[in-house]
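In: Here's my sequence, what's the structure:
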Amino acid sequence: MTDLQSPGRRRWLKSAGAVWLLSVSKIGLAASSHMVAIRIWPSSTYSRVTLESSSPLKYKQFALSNPERVVVDIENIHLNPVLKKVGNLVRSDDPYIKNARVGQFDKNTVRLVLELKQNVTPKVFTLDPVAGIKNRLVLDLYPASASSRQYEDDPLLALLEDYNKGNLEQNQPAAAPRPGKAGRDRPIVVMLDPGHGGEDPGAIGKHKTREKDIVLKIARRLKALIDKEPNMRAYMTRNEDVFIPLKVRVAKARKQRADLFISIHADAFTSRLARGSSVFALSTSGATSTAARYLARTQNESDLIGGVSMSGDRYLDHTMFDMVQSLTINDSLKFGKEVLSRMGRINHLHKKTVDQAGFAVLKAPDIPSILVETAFISNLEEERKLRTGKFQQQVANSILAGIKAYFANGAPLAPRK
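Out: Residues are numbered from 1 along each chain as shown. Sure, this is the predicted structure:
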């Protein structure tokens with residue numbers, strides 16, 4: 001779980017992994033230069049370019065053809081070592097960006113040119129400072145005209161398009177229920193949600209272990225286990241290092257008509273003494289503990305860190321839930337209890353009961369949903385365990401055992417619609 005005040009969070013930019021992070025040297029730069037970092041996050045669904053500055057950035061964006069290019073003119077800055085090396089950040093497997101270059105267009109304007117591999121629809125916006133990250137200018141590059149086949153292969157792409165158009169509401173109707181009873185007439189469908197991703201690394205341990213990487217590995221292991229079961233099938237909200245807004249994660253679960261939703265995390269706290277595994281469910285009437293309230297607040301801020309351009313998101317502010325939501329929470333608590341008891345067999349439990357708070361990612365009104373804090377990544381011993389394939393597999397095995405026990409003990413055999 002993200003701890004916005006932890007030393008790990010403030011140091012996360014130093015360990016961007018596959019993304020090359022270029023920091024400004026304090027020696028020899030003109031005082032007018034404010035660019036401190038550039039990051040490029042490629043993914044199969046969309047690619048993101050982030051420019052970070054000590055001051056808010058003013059920009060103009062337009063397109064050029066033959067070849068296809070996205071151009072951004074950034075005002076009141078000068079070229080510096082960070083900007084000049086942007087071309088080195090483009091990966092050969094980026095599906096959208098062929099190359100990148102910069103130049104001093106006039107004395108007060110730097111021009112960034114992204115040459116493209118295919119036509120894109122750019123979404124450009126700015127973000128205010130948050131969690132030790134300075135002002136950001138963000139360019140998200142989506143395929144310009146996704147085909148129906150692409151939407152079938154990657155339903156996330158369609159959901160992101162709806163989200164960017166402002167058409168994705170938390171209380172929108174879900175897909176029609178799957179016919180038959182889950183686990184008997186059809187497979188049990190489980191949506192796995194590895195927390196964080198892309199621009200949002202989650203918590204970071206003392207030895208540079210990033211939450212987003214660990215939970216993705218655990219989710220992949222769990223998916224492999226579930227898919228081997230004859231009566232189960234697993235999907236993932238993300239299967240690569242990409243930022244997915246909280247609302248879109250929930251919408252993908254509803255789109256796939258999931259029977260269960262499991263968000264996987266690795267906790268952090270200001271004290272390295274904190275340790276143990278936890279399981280959380282949604283609460284609509286306040287958190288059941290101070291710790292749960294704190295963790296929900298930091299988790300819900302993931303959108304700000306990862307970079308959500310829209311303000312006034314009614315989804316996160318939504319507090320009115322119908323009877324279906326209350327019944328779903330009860331089922332979530334039952335499911336969470338089964339998982340928590342299995343986690344207690346492989347790790348110390350931070351709390352021996354399922355905690356509750358207003359986690360935005362658990363707000364599907366018709367899908368039992370839990371958030372599993374596998375261990376404290378801020379604890380030195382648990383960080384070491386989280387890095388091992390053995391513990392990652394133990395976590396996956398424990399969650400699967402919890403799923404089986406939940407359905408064996410009389411869980412609802414179909415999601416409520």
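In: does residue 331 count as helix, strand or coil?
Out: helix (DSSP: H, G, I helix; E, B strand; the rest coil).
In: surely it meets residue 368?
Out: Yes. Counting by C-beta atoms under 8 Å, residue 331 does reach residue 368; the two are 4.1 Å apart. To be clear about C-beta, it is placed using only N, CA and C from the backbone, and glycine gets the same treatment.
In: ok, these two, which is more surrounded?
Out: residue 368 (28 against 20; other C-beta atoms under 10 Å).
In: Distance of residue 83 relative to residue 110?
Out: Computed as C-beta to C-beta, to the nearest Å, the residue 83 to residue 110 distance reads 6 Å.
In: Please identify every residue contacting each of those two.
Out: Contact criterion C-beta atoms under 8 Å, 6 or more residues apart in numbering; residues bridging residue 83 and residue 110 by contacting each: 77, 102.
In: which parts of whatever helix or strand residue 74 lives in are buried?
Out: Element membership for residue 74 (DSSP states H and E) is strand 69-75. By neighbour count with 16 or more other C-beta atoms under 10 Å, strand 69-75 contains the buried residues 69, 70, 72, 73, 74.
In: Of those residues, just say which sits nearest to residue 98.
Out: residue 69 (9.3 Å; C-beta to C-beta).
In: Residues in a beta bridge with the closest one, which ones?
Out: With DSSP bridges as the criterion, residue 69 is bridged to residue 64, residue 115.
In: you'd agree it is up against residue 63?
Out: Yes. Here residue 69 reaches residue 63: they are 6.7 Å apart, a contact under C-beta under 8 Å.
In: Do a quick rundown of the helices in the stretch 51-200 of the chain.
Out: Ranges of helices within the stretch 51-200 of the chain are 81-84, 148-153, 155-164, based on DSSP state H, counting those that start in this stretch.
In: For the ones you listed, which has the smallest mean pLDDT value?
Out: Of all these, mean pLDDT reaches its minimum on helix 148-153 (a mean of 52).
In: And for residue 363, the neighbour number?
Out: Residue 363, neighbours per other C-beta under 10 Å, totals 23.
In: Distance check, it against residue 252.
Out: Counting by C-beta to C-beta - residue 363 and residue 252 are separated by 13 Å.
In: Please apply the same query to residue 388.
Out: In terms of C-beta to C-beta, residue 388 sits 29 Å off from residue 252.
In: Compare neighbour counts for the two and give me the winner.
Out: Set residue 388 next to residue 252 and count neighbours by other C-beta under 10 Å: residue 252 wins out with 24 against 10.
In: helices or strands next to the helix or strand harbouring that one in the packing?
Out: Secondary structure from DSSP H and E places residue 252 in helix 246-255. Other helices and strands packing on helix 246-255, by 3 or more C-beta pairs under 8 Å, 6 or more residues apart in numbering; DSSP states H and E, are helix 155-164, strand 188-194, strand 260-267, helix 314-317.
In: picking up where we left off before, can you lay out the buried residues of strand 69-75 as CSV showing distance to residue 46?
Out: Formatted as CSV, these follow (distance: C-beta to C-beta, whole Å):
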residue, distance to residue 46
69, 17
70, 13
72, 16
73, 22
74, 21
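In: Nearest to residue 145 among these?
Out: For the buried residues of strand 69-75, the nearest to residue 145 is residue 70 (15.8 Å; C-beta to C-beta).
In: If I look at that closest one, what pLDDT would I see?
Out: pLDDT, read off for residue 70, is 97.
In: What separation do you get for it and residue 339?
Out: 44 Å.
In: Residue 229 too?
Out: 16 Å.
In: Compare neighbour counts for the two and give me the winner.
Out: residue 339 (23 against 16).
In: which SSE is that one in?
Out: Per DSSP H and E: helix 323-343 holds residue 339.
In: so after that helix, what's the next helix or strand?
Out: Downstream of helix 323-343 (by DSSP H and E), the next one is strand 355-357.
In: Does that next one pack against any helices or strands, and if so which?
Out: Short answer (3+ C-beta pairs under 8 Å, 6+ apart): strand 355-357 packs on strand 278-282, helix 290-300.
In: average pLDDT across it?
Out: Averaged across strand 355-357, pLDDT comes to 95.
In: Partner strands of it, with direction?
Out: Partners of strand 355-357 in the sheet, by DSSP bridges, are strand 278-282 (parallel).
In: quick one, the partner strand and helix 290-300 angle?
Out: When axes from the mean of the first three to the mean of the last three C-alpha atoms, to 10 degrees is applied, the directions of strand 278-282 and helix 290-300 differ by 70 degrees.
In: Not counting its own residues, what contacts strand 278-282?
Out: 267, 292, 295-296, 329, 332-333, 336-337, 339-340, 343, 349-351, 354-359, 362-363, 369-373.
In: now do stretch 207-216
Out: By C-beta under 8 Å, 6+ apart, stretch 207-216 touches 1-2, 12, 14-15, 17, 194-198, 200-204, 238-241, 264-266, 268, 374, 377, 380, 383-384, 386-387, 392.
In: are any of the residues you listed buried, and which?
Out: Counted by 16+ other C-beta under 10 Å, the contacts of stretch 207-216 give 1-2, 12, 194-198, 200-204, 238-239, 241, 264-266, 268, 374, 377, 383, 386-387, 392 as buried.
In: Among those, which ones are in strands?
Out: 194, 264, 265, 266, 374 (DSSP state E).
In: The last one contacts residue 265, doesn't it?
Out: Yes. Judged on C-beta under 8 Å, residue 374 makes contact with residue 265 at a distance of 6.9 Å.
In: show me what contacts residue 86?
Out: Per C-beta under 8 Å, 6+ apart, neighbours of residue 86: 38, 100, 101, 102, 112.
In: Then residue 136?
Out: 50, 51, 52, 53, 126, 127, 307.
In: The last one and residue 50 touch, don't they?
Out: Yes. The pair formed by residue 307 and residue 50 meets the contact definition of C-beta under 8 Å, at 7.2 Å.
In: where do the contact lists of those two overlap?
Out: 136, 138, 199.
In: okay, those in a markdown table with distance to residue 402 and pLDDT next?
Out: As requested, the shared contacts of residue 307 and residue 50 are arranged in a markdown table below (distance: C-beta to C-beta, whole Å; pLDDT from 0 to 100):
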| residue | distance to residue 402 | pLDDT |
| --- | --- | --- |
| 136 | 39 | 96 |
| 138 | 38 | 96 |
| 199 | 31 | 94 |
